[in-house]
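>>> Fold the stuff below for me.
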Amino acid sequence: MPATPAPEPARAAVTVAGRRLSYLDSGGPGQLLLALHGHFAEARTFTPLARQLAPDWRVVALDQRGHGYSDRPPDFSRDGYVEDAAAVLHHLGPGPAVVLGHSLGGVNAYHLAFRRPRLVRALVIEDIGAEVDGDLSFCLTWPHRAPTRPALLEALGGSAPHLTDAVREYGDGWGLAFHPEDMAASQRALNGDHWQAWLGSDCPALLVRGSRSGVLPAGHARAMAAGRPGTRLVELPAGHTVHATDPGGFAAVVRAFLDGLPRRPHIRLPPDGSAG
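Residues are numbered from 1 along each chain as shown. Next comes the predicted model:
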């Protein structure tokens, strides 16, 4: 008989410091994997991966602050992103979890492992380095609203194919599920040297690089893997967004990594969510 298709993830939310953090939960009895997207993206970018990993893994994909259906925050600091992820993991129950992150989400993931090691069982880091120097100011020219979806996509130009998940219809027209000025500010806060956080945790880690990536140089990726014990580097024929460019290959290497992890007993977290 054909396999039963995995159900669509359910939308849920948690309130942190008065802000709504929205996420998609694939559900089921599987082990927990928290997925953190990159700039301009949102939780549903990981829905195909959740289908591939079901039913062994329950994928919870977060709309990070200022993205998707989550509220805008007062800042886009590393502290803020990390505390959001920690709060979601505490809300979901006993840990620890595997944490997967792409780009912005990758830096947030390994900072979470560094700052809250008891929350993180293993890391999957997709195409981001331990030194970041990016500029998203180009997005400041994107329109706030357009009268129709085609008009918005035309105004977005060459960026449109990468933003289709973020297109929304609002009461005053069509726009994006984020504010471009927030993305530029978040990138500025992301830029810098993150070696201390990358090297500061000791859980197993998988580093996935797109062989055509313009974000993570091959030499830098090799240095990251060589400098951190327990880290495996895999390259796939893709650009920066490996999980979207090569979804089958990405799911296969992630599953192989997950299958090799030792099972751990659940750790019940303190009531305040601290686990340092």
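>>> Check this protein for its longest helix and report it.
Longest among the helix segments of the chain by residue count, using DSSP state H, is helix 78-92.
>>> any idea how far it is from the chain center?
Mean-position distance between helix 78-92 and its chain equals 12 Å (CA atoms, centre = their mean, to the nearest Å).
>>> Now do that helix: everything it contacts.
Residues outside helix 78-92 that contact it (CB atoms under 8 Å, 6 or more residues apart in numbering): 14, 16, 21, 23, 32, 34, 36, 60, 62, 64-65, 73, 95-97, 99, 104, 107-109, 111-112, 115-116, 119, 189-190, 269, 273, 275. The C-beta positions use only the backbone N, C-alpha and C, and glycine is treated the same way.
>>> Would you mind listing the buried residues in stretch 109-120?
Within stretch 109-120, the residues that qualify as buried by neighbour count (16 or more other CB atoms under 10 Å) are 109-117, 119-120.
>>> mind putting these in a markdown table, pLDDT, secondary structure and distance to Trp174 included?
A markdown table is the format used below for the buried residues of stretch 109-120 (pLDDT from 0 to 100; DSSP: H, G, I helix; E, B strand; the rest coil; distance: CB to CB, whole Å):
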| residue | pLDDT | secondary structure | distance to Trp174 |
| --- | --- | --- | --- |
| Ala109 | 99 | helix | 32 |
| Tyr110 | 98 | helix | 36 |
| His111 | 98 | helix | 34 |
| Leu112 | 98 | helix | 34 |
| Ala113 | 98 | helix | 38 |
| Phe114 | 98 | helix | 40 |
| Arg115 | 98 | helix | 39 |
| Arg116 | 97 | coil | 39 |
| Pro117 | 97 | helix | 43 |
| Leu119 | 97 | helix | 38 |
| Val120 | 98 | strand | 38 |
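>>> Show me where this structure dips below the pLDDT cut-off.
1-6, 264-276 (pLDDT under 70).
>>> The residue nearest in space to the middle of it and Ala50, how far apart?
Taking CA atoms, centre = their mean, the centroid of the chain lies closest to Leu36, which sits 1.8 Å from it. As judged by CB to CB, to the nearest Å, Leu36 and Ala50 stand 14 Å apart.
>>> and Phe257, how many neighbours does it have?
Using other CB atoms under 10 Å, the number of residues around Phe257 comes to 20.
>>> in the strand or helix carrying it, what counts as buried?
Per DSSP states H and E: Phe257 is located in helix 247-259. Using 16+ other CB under 10 Å as the test for burial, helix 247-259 gives 249-251, 253-254, 257-258.
>>> Please enumerate the strands of the stretch 151-276 of the chain.
According to DSSP state E, counting those that start in this stretch, the stretch 151-276 of the chain carries its strands in the segments 167-170, 173-176, 192-193, 205-210, 231-236.
>>> Strand partners (parallel or antiparallel) of the first one?
Sheet pairing of strand 167-170 (DSSP bridges) gives strand 173-176 (antiparallel).
>>> on that earlier part again, can I get the buried part of the contacts of helix 78-92 as one PyMOL selection?
Only the buried entries of those go into this PyMOL selection, using 16+ other CB under 10 Å:
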select buried, resi 14+16+21+23+32+34+36+60+62+64+65+73+95+96+97+99+104+107+108+109+111+112+115+116+119+189+190+269+273+275
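>>> Narrow the contacts of helix 78-92 to those in helices?
104, 107-109, 111-112, 115, 189-190.
>>> Turn those into JSON lines, columns for distance to Leu152.
What follows is the ones in helices among the contacts of helix 78-92, written out as JSON lines (distance: CB to CB, whole Å):
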{"residue": "Leu104", "distance to Leu152": "23"}
{"residue": "Val107", "distance to Leu152": "29"}
{"residue": "Asn108", "distance to Leu152": "28"}
{"residue": "Ala109", "distance to Leu152": "31"}
{"residue": "His111", "distance to Leu152": "34"}
{"residue": "Leu112", "distance to Leu152": "34"}
{"residue": "Arg115", "distance to Leu152": "38"}
{"residue": "Ala189", "distance to Leu152": "27"}
{"residue": "Leu190", "distance to Leu152": "26"}
